[in-house]
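> Using only what follows, build the 3D model:
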Amino acid sequence: MIQRISILDRSRTREGHTAAEALRDTVELARRAEDLGYHRFWVSEHHSVPGVAGSAPTVLAAAVAAATRRIRVGTGGVMLPNHQPMVVAEQFGVLEALFPGRVDMGLGRSVGFTDGIRRALGRDTGDADRFEEQLAELLGWIDGSQRAHPGVHAHPAEGLRIPPFVLATGQGAGIAARAGLPMVVGDLRGRARVAEAVARYREEFRPSAWGAEPYVVVSGSVAVAATEEAARRILVPEAWALTVSRTRGSFPPLRPAEEVLALEMTPKERELFEGALQGHLAGTEEQVARDLAEVAAATGADELLVTTSTYDRTALADTFTRLARVAGLA
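Next comes the predicted model:
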């Protein structure tokens with residue numbers, strides 16, 4: 001069984017509710033996660049997405065850390081190509097100074113997913129190719145080794161211990177290995193691909209001041225309920241949002257499961273929708289316990305990062321309660 005279980009919440013908006021409610025839900029979920037014994041609580045970065053309220057992850061991480069006491073808090077992740085590395089270092093330095101020993105720095109290499117968003121951010125698709133260079137600069141600002149800007153320091157980050165993680169999309173596994181950093185890889189739908197990425201990462205890993213050994217976090221959606229059908233319904237709102245994004249180019253707020261199931265979908269929508277419901281860890285506590293054991297055996301993961309979203313807040317809270325029981329969290 002994977003010993004550490006953590007949560008990544010994307011502050012998903014819900015149809016008929018405000019973005020402010022989604023952000024407050026994130027903070028409340030973090031409190032609950034801490035009470036249930038989860039190891040970390042991370043937030044994400046998305047821009048100009050109607051279905052996601054979390055656009056400023058370090059700001060939201062500060063709110064989460066202020067509302068909790070023990071759980072580690074971080075980002076999954078800050079998209080480094082969107083920012084200057086010195087500014088990212090300063091932001092995490094402030095977080096670590098305020099909440100010492102609790103802050104994680106999860107870093108991704110994505111840029112805005114449309115041309116318009118990239119233009120608004122002052123970025124283009126080529127900026128993702130500079131991620132490894134930016135990552136090295138960012139770490140240099142924190143450990144004091146950067147030499148490109150003599151006499152300039154990223155206060156209060158310099159000299160602090162802020163654990164970095166690489167979100168290993170695309171070439172990320174190799175980048176994490178070369179830098180000697182922990183790697184976050186997903187999703188569970190491509191379990192064979194995940195196992196291959198993990199094996200490559202472990203083979204290529206170079207020990208560093210940031211990590212003496214490989215550390216693997218596997219990410220994906222988990223839905224646990226009293227019945228298999230109830231667990232499947234938890235996944236329905238997100239599956240429909242993904243379907244809409246792939247057919248209409250917009251990632252919408254979550255709709256109630258019963259509304260989605262009553263829709264008359266086109267054949268293409270139905271195909272995408274059914275596909276989006278596959279490959280998650282979903283079922284009763286007994287079924288999910290078996291699935292977790294399989295993931296652990298296939299990947300040797302040190303940690304599972306759960307990214308589940310749904311419209312029904314009560315069902316989501318119940319999922320995390322049941323998962324904590326399955327995993328034996330304190």
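> for the stretch 201-330 of the chain, what are the low-confidence residue spans?
Low-confidence segments of the stretch 201-330 of the chain, defined by pLDDT under 70: 330.
> and the longest helix belonging to the chain, which residues are buried?
Among the segments of the chain that qualify as a helix by DSSP state H, the longest is helix 228-248. The neighbour-count check on helix 228-248 (16 or more other Cβ atoms under 10 Å) flags 230-245 as buried. The C-beta positions use only the backbone N, C-alpha and C, and glycine is treated the same way.
> What of stretch 120-137?
Leu121, Arg123, Asp127, Ala128, Phe131, Glu132, Gln134, Leu135, Glu137.
> The one residue sitting closest to the centre of the chain: what's its closest spatial neighbour, skipping adjacent residues?
Centrality entry for the chain: nearest residue to the mean C-alpha point is Gly76, 3.8 Å, by Cα atoms, centre = their mean. For Gly76, ignoring the flanking residues on the chain, the nearest one in space by Cβ to Cβ, 6 or more residues apart in numbering is Trp42 at 3.7 Å.
> Now do the helix or strand that contains the one you found: everything it contacts.
Using DSSP states H and E, Trp42 falls within strand 40-43. The contact list for strand 40-43 (Cβ atoms under 8 Å, 6 or more residues apart in numbering) reads 4, 6-11, 26, 29-30, 33-34, 54, 57, 60-61, 64, 68, 71-77, 104, 106, 303, 305.
> Would you mind confirming that Met105 makes contact with Arg161?
No: at 10.6 Å, Met105 does not count as touching Arg161 under the criterion of Cβ atoms under 8 Å.
> neighbour-wise, which of those two wins?
Met105 (27 against 11; other Cβ atoms under 10 Å).
> Sheet-wise, list the partners of the helix or strand the more buried one falls within with their directions.
Using DSSP H and E, Met105 maps to strand 103-108. Using DSSP bridges, strand 103-108 pairs in its sheet with strand 72-75 (parallel), strand 78-79 (parallel), strand 164-167 (parallel).
> Pull out the buried positions in whichever helix or strand comes after that strand.
The C-terminal neighbour of strand 103-108 among helices and strands, as given by DSSP H and E, is helix 115-121. Using 16+ other Cβ under 10 Å as the test for burial, helix 115-121 gives Ile117, Arg118, Leu121.
> neighbours of Phe251, just the number please.
By other Cβ under 10 Å, neighbour count at Phe251 equals 19.
> Ala296 belongs to a strand, doesn't it?
No: looking at Ala296 with DSSP: H, G, I helix; E, B strand; the rest coil, it is helix, so not inside a strand.
> Now it. Nearest residue, chain neighbours left out?
The nearest residue in space to Ala296 (Cβ to Cβ, 6+ apart) is Ile2, at 5.0 Å.
> give the contact list for that neighbour.
Here Ile2 is in contact with Val218, Leu292, Val295, Ala296, Ala301, Asp302, Glu303, Leu304, Ala327 (criterion: Cβ under 8 Å, 6+ apart).
> could you redo the last one with a cut-off of 7 Å?
Leu292, Ala296, Ala301, Glu303, Leu304 (Cβ atoms under 7 Å, 6 or more residues apart in numbering).
> ok, the last one touching Ser221?
Think Leu304. No: with contact defined as Cβ atoms under 7 Å, Leu304 does not count as touching Ser221 (10.9 Å).
> of these two, who's got more company?
Using other Cβ under 10 Å, the more surrounded residue of Leu304 and Ser221 is Leu304, with 27 against 23.
> and that one, what are its phi and psi?
Dihedral angles of Leu304 (phi, psi; degrees, to the nearest 10) stand at phi -110, psi 130.
> In contact with it, which residues?
By Cβ under 7 Å, 6+ apart, the neighbours of Leu304 are Ile2, Ile5, Val218.
> Quick one: classify the last one as helix, strand or coil.
The reference is to Val218. strand.
> For the protein, just list every one of the helices.
Using DSSP H, helices in the chain cover 19-36, 57-67, 85-98, 115-121, 131-143, 172-179, 191-204, 228-248, 257-261, 267-276, 285-299, 313-327.
> what's the angle from the first one to helix 57-67?
The one in question is helix 19-36. Here helix 19-36 runs at an angle of 50 degrees relative to helix 57-67 (axes from the mean of the first three to the mean of the last three Cα atoms, to 10 degrees).
> so what secondary structure elements neighbour helix 19-36?
strand 4-9, strand 40-43, helix 57-67, helix 313-327 (3 or more Cβ pairs under 7 Å, 6 or more residues apart in numbering; DSSP states H and E).
> what mean pLDDT does it have?
Averaged across helix 19-36, pLDDT comes to 98.
> now what about it, what contacts it?
By Cβ under 7 Å, 6+ apart, helix 19-36 touches 7, 9, 11-14, 41, 43, 53, 60, 63-64, 67-71, 313, 317, 320-321, 324, 329.
> Kind regards, and thank you for your time.
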